[in-house]
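Participant: Need coordinates for the following:
(one chain, ligands or ions: 2)
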Amino acid sequence: MLRVANLVKQYINETGERKGGVSNVSFDVKEGELFTLLGPSGCGKTTTLRSIAGLEHPESGQIQLDGRDLFDSRSDIQLPMYERDIGMVFQSYAIWPHMNVFENAAYPLRTRRNGHVSREDIETRVMRSLEMVGLAEYRNRSATKLSGGQQQRLALARALVREPKLLLLDEPLSNLDALLREQMRAEIKRLQSEWGVTTIYVTHDQSEAMALSDRVAVLNNGMIAQMGTPFDIYDRPRSEFVANFIGRTNLLRGRLASRVRAGDIAPVDTSIGSIRCMFSSGMPAGNQISFVIRPENIQLHTAEGAPADAMPNCIDGLVRNKVFLGEVAEYSIDINGGLNIIARTHPSISLNRGDRVRASFPENKVIAICS
Ligand SMILES: Nc1ncnc2c1ncn2[C@@H]1O[C@H](COP(=O)(O)OP(=O)(O)O)[C@@H](O)[C@H]1O
Ligand SMILES: [Mg+2]
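Facilitator: Numbers count the residues shown, from 1 in each chain. Ligands and ions are numbered 1, 2, ... in the order given. Next up is the predicted model:
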C-alpha cells in the first residue's frame, strides 16, 4: 500500500551543516497493516511522517501510496498535501476550541479541495466516525468540554472521516496519563482493525509499539536499525542499540572460541566463564562478540535446588538487590568477577539480599548479536 524508498531529508543547522532528519529510510507497509516507527527522541520519526504527509520536501527518495507517486525526486514529483489522501493525528491534537464535536469532525469534509461533499453525506460520514470512537452522543458538545481521552478520540474521528488510504499517528497518546494511555492504546488497535485502515504509528515507547504493531521499524539516528514483528525485534535484536532500546536486557561480551555457522549454538569465552550462545549468522573464531540475555529468561536457584555444576550456562552469584515490581520481582545478581546481571522471576520466589544463588539460562535464549 505504501512504499518509502531511500528517503533523505536533512536539515541545515546554525553552522550550515546538514544534520538531523533522516538519512536513508526505506520500508513498505501492507494494506491494513499497523506499522510502527519506534525510536528515541530525535531519531527522525516525525521527519519521516511529515515527508509522507507532504509537509516536508525531502532531498531525495520515492514515496508511493496505492500505486500513485506522492513524491519522486528523480522526476521531481511532489504532490501537495491535500491530494495525498492521508489522515493525520499529532501529539498536540489541535481540536478547534470554537467548534462543537460534530463540526470538528466535519471540518476535513467541509474544507475539502477536491470534490464537494453533500450535506447528507457529511451527516452520515461524521456520525459514522463519531460512533466508531464512541462520541456520537456528544455531537453538540463544545470540544473544549471533552476530557483528554475524548479529545484524542475526536482527533482520530476527524482523521478518519475522509476515509483516507493511510492514517499517520504521531505519538498520539503521549499527552495522556498512564491508565488512559493503555485504554486508548487498546482502542486504537480495535479501531484500526475494524476500520482496516493502513496505519503508521510513531512512538518512543517500546511497550506501546510491542502492544499495537503488526511490524516495527526501530529508528536510530535517521536510519532504520531493524525491522520486523514485535516478537522478532525483542527476541532477536541485531544490534546493541536495539537490544538496549527494547526491554530490559543483559548485554555481555566475549570472544568466540571456534568458527560458527548460522543457526549454531556455540561457546563464547567471557570473564564469567564459557557461555553457550545462539548464532543467527556465521563468524570466524576469535571474533569479539556481544550477546543478550533477557532478564525473564534467567532462572534463579538456591543452593539446594540448583542444577549440577556440569550443566551449561550456569553461573553462581550473590543477590545484591531485589525490587518488587508487582507482577515480577527483579533481582540484581553479582557474579564472581565483578559482573552484574538482572533476572526477573515470579514474585512468589523469595530470595534475600546476600543469598547465594545459581543462575541458569537456556542456550537458545542467549542471543549473539551478529551485525
Ligand atoms: N525544522 C527543523 N530544523 C532543524 N532540525 C530539525 C528540524 N526538525 C527536526 N530536526 C532535527 O532532525 C532530527 C529528527 O527530528 P524528528 O524527526 O522530529 O525526530 P523524532 O520525531 O524522532 O523525535 C532531530 O535531530 C531534530 O533536531
Ligand atoms: Mg517526533
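
Participant: Only C-alpha atoms from now on, for both contacts and neighbour counts.
Facilitator: Will do.

Participant: Now do stretch 67-76, average pLDDT.
Facilitator: Averaged across stretch 67-76, pLDDT comes to 96.

Participant: ok, now stretch 177-190?
Facilitator: The predicted confidence, averaged over stretch 177-190, sits at 87.

Participant: which of the residues in that stretch are buried?
Facilitator: Burial within stretch 177-190, assessed by neighbour count using 16 or more other C-alpha atoms under 10 Å, is assigned to R181, M184, R185, I188.

Participant: how about those residues in TSV, adding distance to ligand 1?
Facilitator: Listed next are those as TSV, based on distance: C-alpha to the nearest ligand atom, whole Å:
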residue	distance to ligand 1
R181	19
M184	21
R185	19
I188	20
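
Participant: Let's see which of the residues you listed end up in helices.
Facilitator: Filtering those for membership in helices, criterion DSSP state H, returns R181, M184, R185, I188.

Participant: quick one: contacts for the last one?
Facilitator: If I follow you right, that is I188. Contacts were defined as C-alpha atoms under 8 Å, 6 or more residues apart in numbering; by that measure I188 touches no other residue.

Participant: And the first one, by the same measure?
Facilitator: R181 is in contact with L173, S174, counting by C-alpha under 8 Å, 6+ apart.

Participant: neighbouring contacts of stretch 220-238?
Facilitator: Residues lying outside stretch 220-238 but in contact with it, judged by C-alpha under 8 Å, 6+ apart, are 20-26, 39-40, 42-44, 209-210, 213-219, 239, 242-243, 246-247, 367, 369-371.

Participant: Buried ones only from these, please, as a ChimeraX command.
Facilitator: Selection command for ChimeraX covering only the buried members of those, criterion 16+ other C-alpha under 10 Å:
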select :20,21,22,23,25,26,39,40,42,43,44,209,210,213,214,215,216,217,218,219,239,242,243,246,367,369,370
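
Participant: didn't R276 look like it was pressed against T270?
Facilitator: No: R276 sits out of contact with T270 when judged by C-alpha atoms under 8 Å, with a separation of 10.3 Å.

Participant: more neighbours, the two?
Facilitator: Under the neighbour definition other C-alpha atoms under 10 Å, R276 and T270 were set side by side, and R276 has more, 23 against 16.

Participant: now the end-to-end length of stretch 240-260.
Facilitator: From its first residue to its last, stretch 240-260 covers 20 Å (C-alpha to C-alpha, to the nearest Å).

Participant: Next, the buried residues of that stretch.
Facilitator: 240, 242-243, 245-246, 248-257, 260.

Participant: Which of those fall in helices?
Facilitator: With helices defined by DSSP H, the entries of those inside them are E240, V242, A243, F245.

Participant: those strands in the stretch 51-200 of the chain, which residues are they?
Facilitator: For the stretch 51-200 of the chain, the strands defined by DSSP state E, counting those that start in this stretch cover 60-65, 68-72, 77-78, 86-89, 166-170, 198-203.

Participant: Quickly check: the helix or strand just after the last one near ligand 1 or not.
Facilitator: On the C-terminal side of strand 198-203, the closest following helix or strand by DSSP states H and E is helix 206-212. No: with C-alpha under 6 Å from any ligand atom as the measure, helix 206-212 is seen stopping short of ligand 1, the closest distance being 13.2 Å.

Participant: quick one: helix 206-212 to chain centroid distance?
Facilitator: 6 Å (C-alpha atoms, centre = their mean, to the nearest Å).

Participant: how about it: buried residues?
Facilitator: Neighbour-count burial for helix 206-212, counted by 16+ other C-alpha under 10 Å, picks out Q206, E208, A209, M210, L212.

Participant: Ok, stretch 230-239 next?
Facilitator: Applying a neighbour-count criterion of 16+ other C-alpha under 10 Å, the buried positions in stretch 230-239 are P230, I233, Y234, D235, R236, P237, R238, S239.

Participant: Quick check: end-to-end length of it?
Facilitator: End-to-end distance of stretch 230-239 (C-alpha to C-alpha): 15 Å.

Participant: Go ahead and produce CSV holding the CA coordinates of the helix or strand bottoming out on mean pLDDT in the chain.
Facilitator: The weakest-scoring helix or strand in the chain, judged by mean pLDDT, DSSP states H and E, is helix 178-195 (a mean of 87). Written as CSV, here are the backbone C-alpha positions of helix 178-195 (Å, rounded to 0.1, in the frame of the first residue of the first chain):
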residue,chain,number,x,y,z
ALA,A,178,-0.7,6.1,32.1
LEU,A,179,-4.1,4.4,32.6
LEU,A,180,-5.8,6.3,29.8
ARG,A,181,-2.9,5.7,27.6
GLU,A,182,-3.3,1.9,27.9
GLN,A,183,-7.1,2.2,27.4
MET,A,184,-6.6,4.3,24.3
ARG,A,185,-3.9,2.0,23.0
ALA,A,186,-6.4,-0.9,23.0
GLU,A,187,-9.0,1.3,21.4
ILE,A,188,-6.7,2.5,18.6
LYS,A,189,-5.9,-1.2,17.9
ARG,A,190,-9.6,-2.1,17.8
LEU,A,191,-10.5,0.9,15.6
GLN,A,192,-7.6,0.3,13.3
SER,A,193,-8.5,-3.3,12.7
GLU,A,194,-12.3,-2.7,12.4
TRP,A,195,-11.7,0.2,10.0
